[in-house]
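**Student:** Pasting the sequence and the predicted model now:
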Amino acid sequence: MQGFALYPFDPPGDVAALRTDLRGWLAMNQPQDDVVARANCWASFDPDFSRALGAAGYVGMTLPAQYGGGDHHPLERYVVIEELLAAGAPVGAHWIADRQTGPLILRYGSEEQRERYLPGIAKGELYACIGLSEPGAGSDLAAVRTIARETTEGWRINGQKIWTTGAHFSHIMLALVRTEEGSERNAGLSQLLIDLDTPGITIRPIIDMAGHHDFNEVFFDDVLVPHGALVGTRGQGWKQVTAELGLERSGPERYLSSHALLAALVDAAGPDPDPAVAGLIGELTAEMWTLRQLSMSTAAKLAAGEDPMVEASVVKELGNAFEQDMPRRVQAIVDCAWDGDTDLAKLLRALLIASPSFSLRGGTREVIRGIIARGLGLR
Amino acid sequence: MLCDTARAVFAEASATGMTPIEEAGFDLLLVSEDQGGFGGDWGDVDAVLQIAGVAVPELPVAEFIVNEALLAAATVSLMAGAMAQAFALSIDHVNTRQQFGRPLGKFQAVQQSLAVMACEVRAVDAAAAALAARLDAVGRDPLAADFEIAAAKLRANRAVGVVTAIAHQVHGAIGFTGEYDLHRVTIPLMRWRSAQGNDAHWAQILGRQVGGFGGRGLWEAMAARGA
């Protein structure tokens, strides 16, 4: 842990103006969603909003202008994401394409792939999902069995993905598949960019315990995609995916997903809060402030071209614990009917039910702690 | 270089008391150069006090360098240093100590505990660094950094329970002996949790301040105070 000092978060340009402009834009353009939709808003699908946000220049911000992007610094994008999440804006439709798939196509994709996909992503019109988990490959991602055989016509894909968030509204999937028959574990894997309207693909919903349709099963039955669907280097899929996960683990969503609940708690408590509630607000605020510092430092490191795998995992671990604990601690202190119709009651119920997933998606708590332990040299 | 000096001076002071620290002039760390001082910033204070937190936790080094109004902030740095040391001792121990034919660090249960500890240590280090940046940005005015002082001390306090518990747990019986060095940092950590405001003290102050901000105001205040 030596030499772990904070990396300076120093975006170019006028950050205060960037925040003010975006807040002004949101005041005019953000739909008046239900308070529950404003929590966990990176799962709220609203293609009209995504398109408007793209037209305003707030999607694909870091992509080069030649592909329709904004040529902005990654830390300017970070500031914009903070504001969108704090406002509870419905960013779910373009979320994965903007956060992961766009940057990955830019980094590893062919020129043809960049020209084909990046402009749509930057417009907030082209949505992506990530094909990683399979029935036999959950935490053990290297057990992926979906196979893509190279033929003269292209790649022929057979297999199944599961827990695929947003597959039902996405246009493309970036899938981790086995391209070398008989290969084992993390060797012989590659990333393919698959248009989801290709014949042979079946997408079936999985309804979660809250009654929502976020994730899906995706079946590949002799699906043929062109040779040009390969992203990056054949056989280097594991390395590429690992780099991608750093983007997933450390962003502002790690401390702002449940922010609506903290804000509602503060509003319900009023300017002169009861001591027990004041104490809880104080503790949650201290945690959130600290997490924000860690996340900004990790983002700055990523922006500088480093690969802060362990730091990103620390942010995810602490962030998940914070967001999972928050509704439980609020419930323990605030007297609030389970089926009450105040903002606080509705948010509390929704987040209590959603919270088990926080330490599962994007790598379970145990896997994340294992990554940290490896970074400490213990594994 | 400042850190090397601090290490050498504190090593001497651990045997003889405050005199070497006084003679080295650490009270001039924050005094500007044109007034005969070192012209250091709070980042320097943080670095020096992190070393003091390990080497001379029983000596009033923080009181010697900073004024009363900034002692809570200084205590965060002492705590960050002591936690980093408890962590380093723990990593060293689990890599060395063998049971069931392998080092303790090879057991998943131990790895998971140390990952939890690493997160807490990292969080307190980040809190100390962010507090330092804020203090330097506002000319070390404790009122202008009241939010950050409260948040950082509260976060450090909350980490003490986890960090001391895991450090002792992975050490086993040897860590509970007077001979072994772990208590030289864990007992001071327990003391510093009470010193300069315990958890409840800062949670009330911060919670009431945030109550004044309001729900939306909390985010606006946090965003305005850094980046």
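**Tutor:** Great, that's in hand.

**Student:** Skipping its backbone neighbours, what lies nearest the residue in the stretch 51-200 of chain A positioned nearest to chain B in space?
**Tutor:** As assessed by C-beta to the nearest C-beta, chain B sits closest to A:A86 within the stretch 51-200 of chain A, at 4.4 Å. C-betas here are computed from N, CA, C, even on glycine. Spatial nearest neighbour of A:A86, chain neighbours left out: B:W219 (4.4 Å); criterion: C-beta to C-beta, 6 or more residues apart in numbering or on different chains.

**Student:** which residues touch B:V121?
**Tutor:** For B:V121, the contact set (C-beta atoms under 8 Å, 6 or more residues apart in numbering or on different chains) comprises A:M1, B:A80, B:M83, B:A84, B:A86, B:F87, B:A159, B:V163.

**Student:** wait, which of the residues you listed is closest to B:G175?
**Tutor:** Among these, B:A86 lies closest to B:G175 (C-beta to C-beta), at 9.5 Å.

**Student:** got the buried residues for whatever helix or strand B:R158 lives in?
**Tutor:** Using DSSP states H and E, B:R158 maps to helix B:146-171. Of all the residues in helix B:146-171, those buried under the rule 16 or more other C-beta atoms under 10 Å in any protein chain shown are B:147-160, B:162-164, B:166-168, B:170-171.

**Student:** from those residues, which are also near chain A?
**Tutor:** Among the buried residues of helix B:146-171, the ones lying near chain A by C-beta under 8 Å from any C-beta of the partner chain are B:F147, B:E148, B:A150, B:A151, B:A152, B:L154, B:R155, B:R158.

**Student:** which of these sit farthest apart?
**Tutor:** Farthest-apart pair in those is B:F147 and B:R158; separation 16.6 Å (C-beta to C-beta).

**Student:** What is the burial count for the residue of the stretch 51-200 of chain A closest to chain B?
**Tutor:** By other C-beta atoms under 10 Å in any protein chain shown, 24 other residues sit near A:A86.

**Student:** List the strands paired with the strand ranked longest in chain A, with their directions.
**Tutor:** Counting by DSSP state E, the longest strand found in chain A is strand A:213-225. Counting by DSSP bridges, the strands paired with strand A:213-225 are strand A:155-162 (antiparallel), strand A:201-207 (antiparallel).

**Student:** next helix or strand past the longest one?
**Tutor:** It refers to strand A:155-162. Following strand A:155-162 in sequence order, the next helix or strand is strand A:172-178 (DSSP H and E).

**Student:** Show me what that next one is packed up against.
**Tutor:** Under the contact criterion of 3 or more C-beta pairs under 8 Å, 6 or more residues apart in numbering or on different chains; DSSP states H and E, strand A:172-178 touches strand A:128-131, strand A:147-150, strand A:155-162, strand A:189-195, helix A:237-249.

**Student:** Run through who's touching it.
**Tutor:** By C-beta under 8 Å, 6+ apart, the residues outside strand A:172-178 that reach it are A:97, A:100-101, A:104, A:117, A:126-132, A:141, A:144-148, A:157, A:159, A:161, A:164, A:167, A:188-196, A:218, A:231, A:237-238, A:241.

**Student:** which of those residues count as buried?
**Tutor:** Using 16+ other C-beta under 10 Å as the burial test, those include A:97, A:100-101, A:104, A:117, A:126-132, A:141, A:144, A:146-148, A:157, A:159, A:161, A:164, A:167, A:188-194, A:196, A:218, A:231, A:237-238, A:241 as buried.

**Student:** can you tell me which helix in chain B is longest?
**Tutor:** When chain B is parsed with DSSP state H, its longest helix is helix B:108-137.

**Student:** what's the angle from that one to helix B:146-171?
**Tutor:** 160 degrees (axes from the mean of the first three to the mean of the last three C-alpha atoms, to 10 degrees).

**Student:** Show me how far helix B:108-137 is from its chain's centre.
**Tutor:** With C-alpha atoms, centre = their mean, to the nearest Å as the basis, helix B:108-137 stands 10 Å off its chain's centre.

**Student:** Now it: average pLDDT?
**Tutor:** For helix B:108-137, mean pLDDT is 97.

**Student:** What residues of it count as buried?
**Tutor:** Neighbour counts using 16+ other C-beta under 10 Å place B:110-136 of helix B:108-137 among the buried residues.

**Student:** again, but for stretch B:19-26
**Tutor:** Residues of stretch B:19-26 classed as buried by neighbour count (16+ other C-beta under 10 Å): B:P20, B:I21, B:A24, B:F26.

**Student:** which one among the residues you listed gets closest to chain A?
**Tutor:** Checking those against chain A by C-beta to the nearest C-beta gives B:F26 as the nearest, at 21.0 Å.

**Student:** Return the distance of the residue of chain B most remote from its centre relative to chain A.
**Tutor:** Of all residues in chain B, B:G101 sits farthest from the chain's C-alpha centroid, using C-alpha atoms, centre = their mean; the distance is 35.9 Å. According to C-beta to the nearest C-beta, to the nearest Å, B:G101 stands 17 Å off from chain A.

**Student:** Ramachandran angles for that residue?
**Tutor:** Per-residue torsions, B:G101: phi 80, psi 10 (degrees, to the nearest 10).

**Student:** tell me which strands and helices the stretch of helix or strand A:V36 belongs to is in contact with?
**Tutor:** Using DSSP H and E, A:V36 sits within helix A:35-38. If you count contacts as 3+ C-beta pairs under 8 Å, 6+ apart, helix A:35-38 packs onto helix A:259-269, helix A:343-354.

**Student:** so which of these comes closest to B:A13?
**Tutor:** Among those, the nearest to B:A13 by C-beta to C-beta is helix A:259-269 (44.1 Å).
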